[in-house]
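Q: just coords:
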């Protein structure tokens, strides 16, 4: 039945006053947080790289959101902004301050916001501009020939997103962990042919495709890579398929041994 959520003041400093209506600090609902924030002007929060998606509705004033991969985004009263999980940002409040409503999914906590209180310290994934996806050649060619012109990996329905890699040094590890047993579709028993698709953050954003950097996760029934295999980094997850036109900037052939081991990517430096 309907339940009234009583507001709780979770932060009150000379710079900012945060009243939470749902979340870990108020309603005990860790799945989501909903708050009302009044921020004074002429100050900035430290850089942060949250483990949650955030939607922010600006009611009064404006906020300037700096990030590592483009111009500062200015969000004014009457506008809303979406910040994807794993996006490193810095909130700057100009003269006049700002009043806004943030919704975080899952809910905000001091531990999952990853605020850089001791000075700028970007996570390893933040430096990467290019995004890579490994694809079986016959599946990619079938997508190109389809009416939809969009590729979805075979595990998309199970996983809910398209797996990708930001740092190319992990590509062979990814291939050998998840895809070593893949066979050619002709029934010959030989290893299937694979390609590497290179995209960028900008080409994905141009199509309004959500890109979120998250902890390594399973692919279908195959368990996720461990910390040694992944280097402890977050990996990019593409929440949608890959359009066959306008997103991929380069294709590479991938080499494999007779036993299915992934051995290299032709032409990738």
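A: Thanks, I have the structure now. None of the values given here were measured: they were computed from a predicted structure.
Q: so what's the residue count around the closest residue to residue 36 other than its chain neighbours?
A: Spatially, and ignoring its direct neighbours in sequence, residue 36 is nearest to residue 19 (4.8 Å; C-beta to C-beta, 6 or more residues apart in numbering). (Glycine included, C-beta is placed from N, CA and C.) For residue 19, the neighbour count with other C-beta atoms under 10 Å is 16.
Q: which element is residue 197 on?
A: Assigned by DSSP states H and E, residue 197 belongs to strand 194-200.
Q: each with direction, which strands does that strand pair with?
A: strand 130-136 (antiparallel), strand 250-256 (antiparallel) (DSSP bridges).
Q: can you map out the helices along the stretch 51-200 of the chain?
A: 137-145, 156-159, 171-178 (DSSP state H, counting those that start in this stretch).
Q: thinking again about what came up before, counting by contacts, list what the helix or strand the residue nearest to residue 36 falls within packs against.
A: Here residue 19 sits within strand 16-22, counting by DSSP H and E. Here strand 16-22 touches strand 8-12, strand 33-39, going by 3 or more C-beta pairs under 8 Å, 6 or more residues apart in numbering; DSSP states H and E.
Q: identify the bridge partners of residue 250.
A: The partner residues for residue 250, given DSSP bridges, come to residue 198.
Q: now for it, how many residues are close by?
A: Neighbourhood size, residue 250 [other C-beta under 10 Å]: 13.
Q: I figured it hits residue 200, correct?
A: No. Judged on C-beta atoms under 8 Å, residue 250 makes no contact with residue 200 at a distance of 9.9 Å.
Q: quick revisit: which residues are contacting the strand holding residue 197?
A: 129-137, 140, 164, 171, 175, 179, 182, 242, 247-254, 256, 262, 265, 268 (C-beta atoms under 8 Å, 6 or more residues apart in numbering).
Q: in CSV, list the helices and strands packed on strand 16-22 along with mean pLDDT and mean neighbour count.
A: Listed next are these as CSV, based on pLDDT from 0 to 100; neighbours: other C-beta atoms under 10 Å:
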stretch, mean pLDDT, mean neighbour count
strand 8-12, 94, 13
strand 33-39, 97, 20
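Q: using JSON lines, lay out the ones you listed together with distance to residue 101.
A: As requested, the helices and strands packed on strand 16-22 are exported to JSON lines (distance: least, C-beta to C-beta, whole Å):
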{"stretch": "strand 8-12", "distance to residue 101": "14"}
{"stretch": "strand 33-39", "distance to residue 101": "6"}
